[in-house]
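predicted model and sequence follow; I will ask about them next.
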Amino acid sequence: MEKQSFSEKLKEGKFVITSEIGPPKGTNIEPHLKEAEHIKDRIDAFNVTDLQSSVMRLGSLATCKLLIERGLEPVFQITCRDKNRLALQSDLLSAYVLGVKNVLCLTGDHTTLGDHPDAKPVFDLDSVSLLQVATDLMNGKDMKGNELDGKPEFFPGAVVSPGYEPLELQLIKMEKKIEAGARFFQTQAVYDLKSFEKFMKMVEKYRVPILGGIVLLKSAGMAKYMNEKVAGVSVPDRYINMMAQAKKEERAKVSVQIAAELIKGMKGLCQGIHIMPLGWEKYVPLVLEAAEL
Amino acid sequence: MLITKPKDSREIESYFEKRVFVFKCYGCREVYFPEQEINKFVEERAKSISGIAEVDYLCNESFSKIYIEKNAHVIRNSDVIVVFSCGVGSQVISKLMENNIVVPGCDTCYLNGFQGLTVLDCDCNQCGECYLNYTGGICPITSCAKNLLNGPCGGAKNNKCEVNPEVDCGWIAIYERLMKINKEKILVENKIFVRNFEKIIKGK
């Protein structure tokens, strides 16, 4: 039986699992593809990041194409940081002819946060107007209303940050994204199930599938760093202590245990999970096993 | 109303190997002009200096013309004209002295809100399609590092911008301002905005 696509599974209300590939800084993509192939039976789709953290890397679209060639389903992440509206529309059309269906439309981190802080930040469009553009293209028109010769078919998605403050402002933006055509959401890393549950109750009315974000903790230091620096993320002390008390060789095990606990808690709350392993791809199968998925 | 800083001496040192005529513009001195640093730099190279003109508002062409004429005899014997002013002053001198080598001695810094009489926190990008009626009177273009028009990015932490933690997130400020007048719902009702850059390029 052929594997059901990511969008079909969501439409049927099945619990979906996505993971993430961050293309390398350079051309050495093979190990990343191998890692993905290794877990492909358990993952419904792989997000491919678009110059993640504003660091110059191999491109998202090329990596998506390589995944498709190996029978893996990609989620093409596309940001507004580096391209104007002409390039973004063109890249969406290019993605479609290369076989990409899922597109995750993002504003993107600011250029000054990456390894080329002196670059020109573009931000000609933003996540909301980019989603609208994807919708326009699907309707056979470019964003100026010009007729297309052949139209693409996408499953557009977006992100939301459940831990953002003020949350109401985040929900306003989420509503705009839905209005512009977002059909699914992936979230920022979740560590607090209570507040995530509250968030899910607030967004229930939108009837759009939500995939809860999971980031594997690598150390207590990483957790503290995220609490201090990363927007919308707050790791509870209990998890920080668990990571701090674990011996170095036990850390991965404890991290897997924490992720599994969070996933189990999310199962009844949202429609899927999005795992961002950040280099710890090899532990993804262990996480899924521990979470009984 | 511009703020300048002296150029790195390594960039302009070679000009002072020849005869140099110096313009200093004091027009914006009340706001900021790196006078002491420039005077020190020029004094240290005194033997290369053919003459100095201290002018208020080099940007005013008719003033500048008078000073050029007054110093014509010295300028004639100079190889390079170095202008310590903002980029506007340097361009005016360059335009008025087409047959001379005119170079700036300063870099002009980006400055918010320099339109008007004094430097302000509020800034106008002169975008040609004012959004302030949709955003509670706070400009989303100048108060957001990404110039976002349809709501905040996810990057603010503790109300501060991801680009500069010392700066408040413009979109949270917009939201809080709208809350005060019970109008935050207009953010949902607003159409999806996309900027029209043709207005800036063609001045339409």
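Good, I have the coordinates. Numbers count the residues shown, from 1 in each chain, chains lettered A, B, ... in the order given.

when you work out contacts or count neighbours from here on, use the C-alpha atoms and nothing else.
Noted.

got the contact list for stretch B:61-70?
The contact list for stretch B:61-70 (Cα atoms under 8 Å, 6 or more residues apart in numbering or on different chains) reads B:53, B:55, B:57-58, B:75, B:92-93, B:96.

any idea how far residue A:166 is from residue B:179?
Residue B:179 is 12 Å from residue A:166, where distance means Cα to Cα, to the nearest Å.

wait, residue A:139
From residue A:139 across to residue A:166, the span is 34 Å (Cα to Cα).

residue A:12 too?
From residue A:12 to residue A:166 the distance is 33 Å (Cα to Cα).

neighbour-wise, which of the two wins?
residue A:166 (15 against 8; other Cα atoms under 10 Å in any protein chain shown).

who are the contact partners of that one?
Counting by Cα under 8 Å, 6+ apart, residue A:166 has contacts residue B:172.

tell me the bridge partners for the residue in chain B that chain A sits nearest to.
Across chain B, the shortest distance to chain A (Cα to the nearest Cα) belongs to residue B:157, at 4.8 Å. Counting by DSSP bridges, residue B:157 is bridged to residue B:160.

assess the claim that it and residue A:229 are in contact.
Yes. Residue B:157 lies in contact with residue A:229 (Cα atoms under 8 Å); the separation is 7.2 Å.

quick one: which of these two has more around it?
Neighbour tally, residue B:157 and residue A:229, criterion other Cα under 10 Å: the higher count belongs to residue B:157, 20 against 17.

ok, that one to residue A:142 distance?
According to Cα to Cα, residue B:157 and residue A:142 sit 35 Å apart.

mind listing which of the contacts of stretch B:61-70 are in helices?
Within those, residues falling in helices by DSSP state H are B:75, B:92-93, B:96.

ChimeraX command to pick out the buried ones of those?
Applied in ChimeraX, the following selects the buried portion of the ones in helices among the contacts of stretch B:61-70 according to 16 or more other Cα atoms under 10 Å in any protein chain shown:
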select /B:75,92,93
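
so which of the ones in helices among the contacts of stretch B:61-70 reach chain A?
Applying Cα under 8 Å from any Cα of the partner chain, the subset of the ones in helices among the contacts of stretch B:61-70 adjacent to chain A is empty.

tabulate the ones in helices among the contacts of stretch B:61-70 (TSV), appending distance to residue B:20.
Listed next are those as TSV, based on distance: Cα to Cα, whole Å:
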residue	distance to residue B:20
B:75	8
B:92	18
B:93	14
B:96	17
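
can you pull the contacts of residue B:6?
Residue B:6 makes contacts with B:34, B:37-38, B:84, B:105-107, as judged by Cα under 8 Å, 6+ apart.

show the buried residues in those.
Here, 16+ other Cα under 10 Å leaves B:34, B:38, B:84, B:105-107 buried among the contacts of residue B:6.

so who does the residue of chain A found nearest chain B touch?
Distances between chain A and chain B by Cα to the nearest Cα are smallest at residue A:231, namely 4.8 Å. Shown in contact with residue A:231 (Cα under 8 Å, 6+ apart): A:164, B:154-157.

quick one, strands of chain B?
B:3-6, B:20-25, B:49-55, B:80-84, B:101-104, B:106-109 (DSSP state E).

just send those strands back as CSV, with mean pLDDT too.
Formatted as CSV, these follow (pLDDT from 0 to 100):
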stretch, mean pLDDT
strand B:3-6, 88
strand B:20-25, 96
strand B:49-55, 96
strand B:80-84, 96
strand B:101-104, 94
strand B:106-109, 88
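
just put those in TSV and tack on distance to residue B:195.
Formatted as TSV, those follow (distance: least, Cα to Cα, whole Å):
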stretch	distance to residue B:195
strand B:3-6	29
strand B:20-25	37
strand B:49-55	40
strand B:80-84	36
strand B:101-104	34
strand B:106-109	26
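
pick out whichever of the contacts of residue A:231 sits closest to residue A:133.
Proximity of the contacts of residue A:231 to residue A:133 was ranked by Cα to Cα; the top entry is residue B:154 with 20.5 Å.

ok, that closest one touching residue A:165?
No. Assessed by Cα under 8 Å, residue B:154 is found out of contact with residue A:165, at 9.5 Å.

which of those two has more residues huddled nearby?
Ranked by neighbour count (other Cα under 10 Å), residue B:154 and residue A:165 place residue B:154 first, with 25 against 17.

may I ask which helix or strand encompasses residue A:238?
Taking DSSP states H and E as the criterion, residue A:238 maps to helix A:237-245.

pLDDT of the following helix or strand past that helix, averaged?
Downstream of helix A:237-245, the first helix or strand assigned by DSSP H and E is helix A:251-267. For helix A:251-267, the mean per-residue pLDDT is 97.

what does the helix or strand following helix A:251-267 contact?
Counting by DSSP H and E, the next helix or strand C-terminal to helix A:251-267 is strand A:272-276. Residues from elsewhere that reach strand A:272-276, judged by Cα under 8 Å, 6+ apart: A:15-20, A:186-187, A:209-216, A:263, A:266, A:284.

among these, which are in helices?
A:263, A:266, A:284.

can I get stretch B:49-69 as CSV, trimmed to CA atoms?
The C-alpha trace of stretch B:49-69 is given here as CSV (Å, rounded to 0.1, in the frame of the first residue of the first chain):
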residue,chain,number,x,y,z
ILE,B,49,46.7,71.8,4.5
SER,B,50,46.5,74.7,2.0
GLY,B,51,43.5,76.3,3.6
ILE,B,52,40.4,75.7,5.7
ALA,B,53,36.9,77.0,5.3
GLU,B,54,34.5,76.7,8.2
VAL,B,55,30.9,77.0,7.0
ASP,B,56,27.4,76.7,8.4
TYR,B,57,25.2,74.6,6.2
LEU,B,58,27.3,73.5,3.3
CYS,B,59,24.0,72.0,2.0
ASN,B,60,22.9,75.5,1.1
GLU,B,61,24.4,75.9,-2.4
SER,B,62,24.4,79.7,-2.4
PHE,B,63,26.4,79.8,0.9
SER,B,64,28.8,77.3,-0.3
LYS,B,65,29.4,79.1,-3.6
ILE,B,66,30.4,82.3,-1.7
TYR,B,67,33.0,80.3,0.3
ILE,B,68,34.4,78.6,-2.8
GLU,B,69,34.8,82.0,-4.5
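
near chain B, which residues of the stretch 1-150 of chain A? Just list them.
Within the stretch 1-150 of chain A, the positions near chain B by Cα under 8 Å from any Cα are A:107, A:109-110, A:112-113, A:121, A:123-126, A:128-129.

for residue A:57, give me phi and psi.
phi -150, psi -180 (degrees, to the nearest 10).

tell me, how many residues neighbour it?
16.

still on that earlier bit, against which helices or strands is the helix holding residue A:238 packed?
Contacting helix A:237-245 under the criterion 3 or more Cα pairs under 8 Å, 6 or more residues apart in numbering or on different chains; DSSP states H and E are the following elements: helix A:220-229, helix A:251-267.
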